[in-house]
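>>> Sharing a sequence plus its predicted fold:
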Amino acid sequence: MTEQKNTNTNYINVLITLFLLGAFVIGGVIFYFKSIKKNKVKIIGISCWSSDPEFHRSIEGFKQGLLENGYVEEKNVKFIIKNPEASIDKQREIIDSFIQAKVDLIYSLTTPGTLVAKTLTANMKNPIPIVFSICTYPVESNLIASLESSENNLVGTRNYVPFSQQYYTFERVFPHIKTLGIIRRKGEPNSTYQFAEVKSHLKKRGIKVVDIAAVDLSDIKQQLKTKIASVDALFSTCDTLTHEGGDQIIAEFSVQYQKPSFACNKGGIIHGNLIGDIADFKAIGKISGEKAALILKGSQPSWMKTESPRDNYIIINKKTASALGIVFTPEIHDIAKEIITD
């Protein structure tokens, strides 16, 4: 009887040992594969929308935000960068290629480009996270539910500076405006929402608005020829048409007809507009990079806020000021983050 009891005890001990050993092995395997998954090189697909140098500065800032949070290019993160050259059809092809490549995250620039990315990834069982930038009105454009939470697979930064702030900066240089010409792309969401904001603000100030809603660059030229005599100054809005050459046309008309202009894009001031209180694309790109790093570490886009520029960025063009006979005050010089001299 004692011998039988000892045999049973030994059997049970063997079973316990085998169970513990099995649990240890399984735990080790799970830890190993989790470690591989955690440490694998992340792949990010980037669609820069166009060849605008400012868009490339956005990508520089995005990479910097990732780097400062532990993601080093070619070490633990790789980038697939593609350019649709402002074509919706090419953007669809690019986003499809990112989906087929099973990238870990997509970085998309501009509202039109990001709307495509949102639509195509929404059909996925597990939508790829999208971090965006240079989307002025992401809520109004139906990219996200609110700035507090997207309620979907998107989060990012908007290049939004309140028009009241932009106009105040311009007014300090060129006051007493009675009529302002607003140049924008006809039908583009950002353009439509910004125009509504501009009209609302200027109506309170008793300032008349002349709407120059163009379909392409040729249309901008044609409309400016017929309407510029009726305005005191010009404003270049934050849309893709101004990015794609509109700013330069506006600047040329501004100098030729001696009508000061201000812009909400840095490229506008570089190309010859007088002044701008703008969003620095590299700075907001860096914020987007910080958000991408959190997502790659396990956060969900809907957990995070979509942000606006954290700092004011005033840029002035002294060459244009000289051509217009305008002298910037020492105060404007002091607050300017960047001065264009040639």
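Perfect, thanks for sending it. Numbering: from 1, shown residues only.
>>> So which residue is smack in the middle of the protein?
residue 133 (1.1 Å; Cα atoms, centre = their mean).
>>> Touching, that residue and residue 157? I think so.
Yes. Here residue 133 reaches residue 157: they are 4.8 Å apart, a contact under Cβ atoms under 8 Å. Backbone N, C-alpha and C define where each C-beta goes, glycine included.
>>> Now list whatever residues contact both of the two.
Counting by Cβ atoms under 8 Å, 6 or more residues apart in numbering, the shared contacts of residue 133 and residue 157 are 284-285, 288.
>>> which residues of the stretch 101-250 of the chain fall in helices?
With DSSP state H, counting those that start in this stretch as the criterion, the stretch 101-250 of the chain has helices at 111-121, 163-171, 189-205, 217-227, 240-241, 247-256.
>>> could you list every residue that touches the residue nearest to the centre of the chain?
Contacts of residue 133 (Cβ under 8 Å, 6+ apart): 58, 62, 107, 109, 156-159, 281, 284-285, 288.
>>> that's a strand at residue 298, yeah?
No. Read with DSSP: H, G, I helix; E, B strand; the rest coil, residue 298 is coil and lies in no strand.
>>> Nearest to residue 317 among the shared contacts of residue 133 and residue 157?
residue 284 (21.6 Å; Cβ to Cβ).
>>> Return the residues in contact with the closest one.
Here residue 284 is in contact with 58, 61, 133-134, 157-159, 307-309 (criterion: Cβ under 8 Å, 6+ apart).
>>> quick one: which of those has the most company?
For the contacts of residue 284, the largest number of neighbours (other Cβ atoms under 10 Å) sits with residue 157, at 32 neighbours.
>>> Just list whatever residues bridge to it.
Beta-bridge pairing for residue 157 (DSSP bridges): residue 307.
>>> wait, it sits on residue 132?
Yes. In this structure residue 157 lies within contact range of residue 132 using Cβ under 8 Å: 7.4 Å.
>>> anything in contact with each of these two?
Joint contacts of residue 157 and residue 132 (Cβ under 8 Å, 6+ apart) are residue 288.
>>> was I right about residue 224 contacting residue 253?
Yes. Contact criterion Cβ under 8 Å: residue 224 and residue 253 qualify, at 4.8 Å.
>>> before we move on, back to that, which of the helices of the stretch 101-250 of the chain comes out lowest on mean pLDDT?
Among those, helix 240-241 has the lowest mean pLDDT, at a mean of 90.
>>> I'd like to know which elements it is packed against.
strand 179-185 (3 or more Cβ pairs under 8 Å, 6 or more residues apart in numbering; DSSP states H and E).
>>> Flag the shaky bits of the stretch 1-150 of the chain, pLDDT-wise.
1-39 (pLDDT under 70).
>>> got a list of what the closest residue to residue 234 other than its chain neighbours touches?
Nearest residue to residue 234, sequence neighbours excluded (Cβ to Cβ, 6 or more residues apart in numbering): residue 261, at 3.9 Å. Contacts for residue 261 (Cβ under 8 Å, 6+ apart) come out as 233-236, 250-251, 254, 268, 273-274.
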